[in-house]
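In: A structural model of the following input is requested.
(chains A and B, ligands or ions: 2)
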Number of protein chains: 2
Amino acid sequence: TAFTPSESCGDDPLPSWNDGPAKQAILDFVAKVTNEGGPDFVLPADRIATFDNDGTLWVEQPMYTQIVFAFDRIKAAAPDHPEWKTTEPFAAALVNDYKAVFAEGEKSGVKLLMIGHAGMTPDAFEQIVVDWLATAKHPRFDRPYTQLVYQPMVEMLEFLRANEFKTFIVSGGGIDFMRPWTEKAYGIPRDQVVGSCIEVKFELIDGQPTLMRLPAANFVDDGPGKPVGIQRFIGQRPILAFGNSDGDFEMLQWTTAGDGPRLGLIVHHTDAVREYAYDRDSMVGQLKRGLDAAKQEGWVLVSMKDDWKKIFSFEED
Amino acid sequence: TAFTPSESCGDDPLPSWNDGPAKQAILDFVAKVTNEGGPDFVLPADRIATFDNDGTLWVEQPMYTQIVFAFDRIKAAAPDHPEWKTTEPFAAALVNDYKAVFAEGEKSGVKLLMIGHAGMTPDAFEQIVVDWLATAKHPRFDRPYTQLVYQPMVEMLEFLRANEFKTFIVSGGGIDFMRPWTEKAYGIPRDQVVGSCIEVKFELIDGQPTLMRLPAANFVDDGPGKPVGIQRFIGQRPILAFGNSDGDFEMLQWTTAGDGPRLGLIVHHTDAVREYAYDRDSMVGQLKRGLDAAKQEGWVLVSMKDDWKKIFSFEED
Ligand SMILES: [Ca+2]
Ligand SMILES: [Ca+2]
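Out: Ligands and ions are numbered 1, 2, ... in the order given. Down below sits the predicted model:
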């Protein structure tokens, strides 16, 4: 018989997933919402799927990538600010003391983020992000951060799009920190990225129309902010949402409380050997409420250790 | 020879446009940015086109459709508010005195908009919009407002998408007033609509995850707000922008000031017989700065009277 692509590649749309309840839940959900004439059919225009980014699509340990970036920005600006050596939260940032910075709370973190992220145009900021991502490496995996995306999730995103889903990122991370690379890493275009924003102002500078990033938060897309961001940017309730921490709790609630077929999923980081194992007590990506509520809410816990055959594309088969 | 679709339908992608400089500018622009290997080639991912809505894609005279809607909402709520009969801006709204309401300025308009638009869920608001659009009729054309979309613009949107452009609405109108009908009217999905927003809050009501619309403006997507909205929602500078009033001035500036091929266009309402004729002195859709700057900025003035063969799809050929 003739050689066909399906014989050479296999028919499995999720080859990096082990057979098991999580994979089955995804396959079953997509099968039923695309089954025209079936009781759970969903029109393509309503096949909206939202994904958290840090810890759901790429590695977030030992520290959120954008925080590592922000600390590097502070270090780069430090020579002009000798006072930072003795002023918190800058002093802590300069020595990578994440715990101290986090202990000072959200306000302190926002203050740090404003330093390296504002007072420039979006284009200038994007260039800084692109340059940083080209050279920065993860301390454990010794690879660029954009290589640390989860292969099973990339496959799932592709599988959903092949079934006429529209895939979105809905992340607490900065929207402009993600947009430069999400198309290449995940196949998600810039306008389908929802995230935290700072204020931007339009002005004429030397007669040139210019956008300027201001040192003030506009919107925090985390926790109860996620359903709000979904409403504002996407304009309709997703039928599928995938997260990994309690910052995704309200997005999962909002998604799965809708009428008709719904699927909520949580990446559970259970693999200290291949990635990291953490949940209730983690400073980064804490998962406590979600773990307690998953069963009752019908959310699928995806165990990295058990459900993922392969985590990164660079792993040997 | 065999019967082919192009022989039956004609090859013209813009049949409702008269031949002339405006139509030619659109055809030339699309030809050059899609000419792979040519000096002006633009990757599909960067083919972003933004369109104003009121007066650019549909009729805005004698009054913006959403204001007519808002006044109807006020009238519906008036029995519970006898004090409105003697309190501005409500008293003026109750007798459709647009001039008086506008004279009181933006703050007054926002106040009116909050009345009929907040204190309910997005779903409830959407139902009100859908119900209203199903019955309300334009005072002159005696047709539902959604039939008063400009056929040449619908063709242009389709032509752009056929050439791998991604088309967006960027309107001063309320984002949630547009989203229920833009897919059907323009082929523009909900998440590709950028507009003015009110605050939305997530809360549990009787244990149910709920979004609630609050009576406070979140973002005004007009004038200098348009480039800001573009940056926030779309995340990249368009290569083509189409507007009709001075509220589009900064969007046109921002779009056409970018590097590489750019196209800015303005619908000039010059046809009092088939639609309306207005520009500098109009209360609605005022076009003054844009008219003065178009030539120097290289923006194409599209004369409704001269450039559009047909304005509405219901016109006889
Ligand atoms: Ca996360
Ligand atoms: Ca307009």
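In: pLDDT weak spots in chain A?
Out: Along chain A, segments meeting pLDDT under 70 span A:1-10.
In: quick one: the helices in it?
Out: Assigned by DSSP state H, the helices in chain A fall at A:5-9, A:21-33, A:65-77, A:90-94, A:98-103, A:106-117, A:122-135, A:151-162, A:175-178, A:182-186, A:225-229, A:249-256, A:289-297, A:304-307.
In: Let's have those helices in JSON lines, adding distance to chain B.
Out: (Glycine included, C-beta is placed from N, CA and C.) As requested, the helices of chain A are exported to JSON lines (distance: least, Cβ to the nearest Cβ, whole Å):
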{"stretch": "helix A:5-9", "distance to chain B": "24"}
{"stretch": "helix A:21-33", "distance to chain B": "17"}
{"stretch": "helix A:65-77", "distance to chain B": "16"}
{"stretch": "helix A:90-94", "distance to chain B": "27"}
{"stretch": "helix A:98-103", "distance to chain B": "24"}
{"stretch": "helix A:106-117", "distance to chain B": "14"}
{"stretch": "helix A:122-135", "distance to chain B": "6"}
{"stretch": "helix A:151-162", "distance to chain B": "14"}
{"stretch": "helix A:175-178", "distance to chain B": "7"}
{"stretch": "helix A:182-186", "distance to chain B": "6"}
{"stretch": "helix A:225-229", "distance to chain B": "5"}
{"stretch": "helix A:249-256", "distance to chain B": "4"}
{"stretch": "helix A:289-297", "distance to chain B": "11"}
{"stretch": "helix A:304-307", "distance to chain B": "27"}
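In: what about the closest residue to ligand 2 within the stretch 151-300 of chain A, how many neighbours?
Out: Residue of the stretch 151-300 of chain A nearest ligand 2, by Cβ to the ion: residue A:202 (17.6 Å). Neighbour count for residue A:202, taken as other Cβ atoms under 10 Å in any protein chain shown: 21.
In: Can you redo the helices of chain A as TSV, where the extra columns are mean neighbour count and distance to residue B:171?
Out: Shown next, in TSV, are those (neighbours: other Cβ atoms under 10 Å in any protein chain shown; distance: least, Cβ to Cβ, whole Å):
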stretch	mean neighbour count	distance to residue B:171
helix A:5-9	8	44
helix A:21-33	18	31
helix A:65-77	19	32
helix A:90-94	20	41
helix A:98-103	16	41
helix A:106-117	17	29
helix A:122-135	15	22
helix A:151-162	19	28
helix A:175-178	25	21
helix A:182-186	18	26
helix A:225-229	26	20
helix A:249-256	25	26
helix A:289-297	15	37
helix A:304-307	19	44
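In: Those: which one's closest to residue B:15?
Out: helix A:151-162 (33.1 Å; Cβ to Cβ).
In: can I get the CA coordinates of that closest one in PDB?
Out: C-alpha atoms of helix A:151-162 as PDB (Å, rounded to 0.1, in the frame of the first residue of the first chain):
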ATOM      1  CA  GLN A 151       6.200  19.700  24.600                       C
ATOM      2  CA  PRO A 152       2.900  18.100  25.700                       C
ATOM      3  CA  MET A 153       1.300  21.600  25.900                       C
ATOM      4  CA  VAL A 154       2.600  22.600  22.500                       C
ATOM      5  CA  GLU A 155       1.000  19.400  21.100                       C
ATOM      6  CA  MET A 156      -2.300  20.100  22.900                       C
ATOM      7  CA  LEU A 157      -2.400  23.700  21.500                       C
ATOM      8  CA  GLU A 158      -1.800  22.400  18.000                       C
ATOM      9  CA  PHE A 159      -4.400  19.700  18.400                       C
ATOM     10  CA  LEU A 160      -7.000  22.200  19.600                       C
ATOM     11  CA  ARG A 161      -6.300  24.600  16.700                       C
ATOM     12  CA  ALA A 162      -6.500  21.700  14.300                       C
END
